[in-house]
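S.K.: Structure, please.
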Amino acid sequence: MDSIVSSSTVLIRSYLTPVRSLSPASAVSVKPLSSAQVASFSANRHILSFRSGGRRTGKLLTSVSSSTIRCGAIKEIGESEFSSTVLESDRPVLVEFVATWCGPCKLIIPAMNSLSEEYGDRLTIVKIDHDANPKLIAEYKVYGLPHFIIFKDGKEVPGSRREGAITKAKLKDYIDGFLNSISVA
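M.R.: Just a heads-up that it's a prediction; the model follows:
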């Protein structure tokens, strides 16, 4: 995170990270956010609080649009693209069903973006919006979000369904387990 100039203590708080305090000596400069930083902040709001003479003021650095989940390197597809992107793929595909109103879906965005980059050459990861794709939701019986299904050779890999927000390490174990099992089979 960029440093912030202040003559008093600066507190930075987000919903995913603990409160951190920067001393005035460590504060260097304020820089505008890059588009990559804005995308990584899309899962929550970041509040900048200044304490000066006992008075607290707050500034909203970024806010989340409730109609968009930014997914960085992960492609969001719909019903019309599902067959060509998932079922006809020559490599395994991890499909993540999400919704804009789903808090756990927003929590795992950074982990999913990281895993998308890490597995980019071995696995395709796509997102499907729950509300915009009711036929897929009904066909694959998606009842909870986020919901993960791995597909290989146009078919759902048996036992590959996973539901709910999980840590990056558990997502990695989940993916590695299935990539190893389907490469042996």
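
S.K.: Could you list the buried residues of stretch 144-156?
M.R.: Residues of stretch 144-156 classed as buried by neighbour count (16 or more other Cβ atoms under 10 Å): 145, 146, 147, 148, 149, 150, 151, 152. Backbone N, C-alpha and C define where each C-beta goes, glycine included.

S.K.: so what's the fourth one closest to, chain neighbours aside?
M.R.: Going back to what we said before, that points to residue 148. Spatial nearest neighbour of residue 148, chain neighbours left out: residue 162 (4.3 Å); criterion: Cβ to Cβ, 6 or more residues apart in numbering.

S.K.: What number of residues are in the vicinity of that neighbour?
M.R.: By other Cβ atoms under 10 Å, 18 other residues sit near residue 162.

S.K.: That one is in contact with residue 177, isn't it?
M.R.: No: using Cβ atoms under 8 Å as the test, residue 162 is too far from residue 177 to be in contact (10.5 Å).

S.K.: picking up where we left off before, and the gap between the residue nearest to residue 148 and residue 90?
M.R.: Distance, residue 162 to residue 90, by Cβ to Cβ, to the nearest Å: 23 Å.

S.K.: before we move on, back to that, overlap of the contact sets of residue 162 and residue 177?
M.R.: Counting by Cβ atoms under 8 Å, 6 or more residues apart in numbering, residue 162 and residue 177 have no shared contacts at all.

S.K.: and the protein, what are its domains?
M.R.: Split into domains by automatic domain parsing, the chain comes to 10-62, 75-184.

S.K.: lowest-confidence stretch among the ones you listed?
M.R.: Mean pLDDT values for those show the minimum at domain 10-62, a mean of 43.

S.K.: Using PDB, list the CA coordinates for the longest helix anywhere in the chain.
M.R.: Ranked by residue count, the top helix of the chain under DSSP state H comes out as helix 168-184. Extracted in PDB, the C-alpha atoms of helix 168-184 (Å, rounded to 0.1, in the frame of the first residue of the first chain):
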ATOM      1  CA  LYS A 168      -6.500 -19.400  -0.600                       C
ATOM      2  CA  ALA A 169      -4.600 -22.300   0.900                       C
ATOM      3  CA  LYS A 170      -7.700 -24.500   1.000                       C
ATOM      4  CA  LEU A 171      -8.700 -23.500  -2.500                       C
ATOM      5  CA  LYS A 172      -5.200 -24.400  -3.700                       C
ATOM      6  CA  ASP A 173      -5.400 -27.800  -2.000                       C
ATOM      7  CA  TYR A 174      -8.900 -28.300  -3.600                       C
ATOM      8  CA  ILE A 175      -7.600 -27.500  -7.100                       C
ATOM      9  CA  ASP A 176      -4.300 -29.500  -6.700                       C
ATOM     10  CA  GLY A 177      -6.200 -32.500  -5.500                       C
ATOM     11  CA  PHE A 178      -8.500 -32.600  -8.600                       C
ATOM     12  CA  LEU A 179      -5.800 -31.600 -11.100                       C
ATOM     13  CA  ASN A 180      -3.700 -34.600  -9.800                       C
ATOM     14  CA  SER A 181      -6.700 -37.000  -9.800                       C
ATOM     15  CA  ILE A 182      -7.900 -36.100 -13.300                       C
ATOM     16  CA  SER A 183      -4.400 -36.100 -14.800                       C
ATOM     17  CA  VAL A 184      -3.900 -39.700 -13.600                       C
END
